[in-house]
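Q: Take a look and give me a structure for this.
(2 chains)
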Amino acid sequence: SQTIHQWPATLVQPVGSPLSLECTVEGTSNPNLYWYRQAAGRGLQLLFYSVGIGQISSEVPQNLSASRPQDRQFILSSKKLLLSDSGFYLCAWTYSKRAEQFFGPGTRLTVL
Amino acid sequence: KNQVEQSPQSLIILEGKNCTLQCNYTVSPFSNLRWYKQDTGRGPVSLTIMTFSENTKSNGRYTATLDADTKQSSLHITASQLSDSASYICVVSEYGGSQGNLIFGKGTKLSVKP
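A: Sure, this is the predicted structure:
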């Protein structure tokens, strides 16, 4: 069976510090991978998606970047965090864009 | 503009009661509609996914309906349980869109009280 992992589960970082969130998927190959952010009282916002190693598409301009160094690994990064980067970050995977997405447990990021 | 609107924003019901959550969308062309359940502080979990030709789909005590003509969907929860307390998110996929063309509603927060 397939599983998706995210870490860390929670993170508190000062403004201006770097960020690295990791997502890994097990039990499947060549998945489509996604990073979402969920702010309080708002819907999920797609940040990045990837259809293969090294292939990253950005949906919104922002202070964040993503990388996919391996088939089942997706990393969300920032060089300098802003207060507005606080939120709940979710990674998801799917077989194809029409299929349902499976979400990870999420990372709660608080920037102080 | 493609949008997904959910109502109500929040709902409180007593354990054992039924409830219905609404989702209206303006996404076109339409590919499919999904309902997710999200427990507080956790990732969303898929309940149902329906294509244009499907009018209803059930998953245990959860039944989703879809009217593609009026662009409305509902999620009916039967005999609610305390564990049903969560946010329920309606998501619509645009046909032919990019990998990122899922439009998310803001969710309905359901609280089931004993």
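Q: where does the chain dip in pLDDT?
A: Assuming you mean chain A. Filtered on pLDDT under 70, chain A yields the residue ranges A:61.
Q: oops, chain B please
A: Scanning chain B for pLDDT under 70 picks out B:97-100.
Q: where do the strands sit along it?
A: For chain B, the strands defined by DSSP state E cover B:4-7, B:10-14, B:19-25, B:30-38, B:45-51, B:56-59, B:62-67, B:72-77, B:86-94, B:102-104, B:108-113.
Q: just chain A next, same as before
A: Ranges of strands in chain A, per DSSP E, are A:3-7, A:10-13, A:19-26, A:32-38, A:44-52, A:55-58, A:65-70, A:73-78, A:87-94, A:102-103, A:107-111.
Q: burial of the closest residue to residue B:114 other than its chain neighbours, as a residue count?
A: What sits nearest to residue B:114 in space, not counting adjacent residues and going by CB to CB, 6 or more residues apart in numbering or on different chains, is residue B:15, at 5.3 Å. Every C-beta, even on glycine, is put in place using the N, C-alpha and C of the backbone. Using other CB atoms under 10 Å in any protein chain shown, residue B:15 has 14 other residues around it.
Q: quick one: residue B:15 and residue B:112 touch, right?
A: Yes. Here residue B:15 reaches residue B:112: they are 5.5 Å apart, a contact under CB atoms under 8 Å.
Q: is the closest residue to chain B within chain A in a bridge, and if so with what?
A: As assessed by CB to the nearest CB, chain B sits closest to residue A:103 within chain A, at 3.4 Å. Following DSSP bridges, residue A:103 is listed with bridge partners residue A:92.
Q: Check whether it really touches residue A:94, as I assumed.
A: No. Judged on CB under 8 Å, residue A:103 makes no contact with residue A:94 at a distance of 10.0 Å.
Q: And the two? Which one has more around it.
A: residue A:103 (22 against 18).
Q: What residues does the more buried one make contact with?
A: A:4, A:90, A:91, A:92, B:36, B:43, B:44, B:45 (CB atoms under 8 Å, 6 or more residues apart in numbering or on different chains).
Q: okay, now residue A:12: neighbour count?
A: 10.
Q: my bad, residue B:3
A: 11.
Q: Name the nearest residue to it, ignoring sequence neighbours.
A: Of all residues not flanking residue B:3 in the chain, residue B:26 sits nearest, at 5.0 Å (CB to CB, 6+ apart).
Q: OK, contacts around the most centrally placed residue in chain A?
A: Among the residues of chain A, the one closest to the centroid is residue A:35, at 3.1 Å (CA atoms, centre = their mean). By CB under 8 Å, 6+ apart, the contact set of residue A:35 is A:23, A:46, A:47, A:48, A:49, A:66, A:74, A:76, A:89, A:90, A:91.
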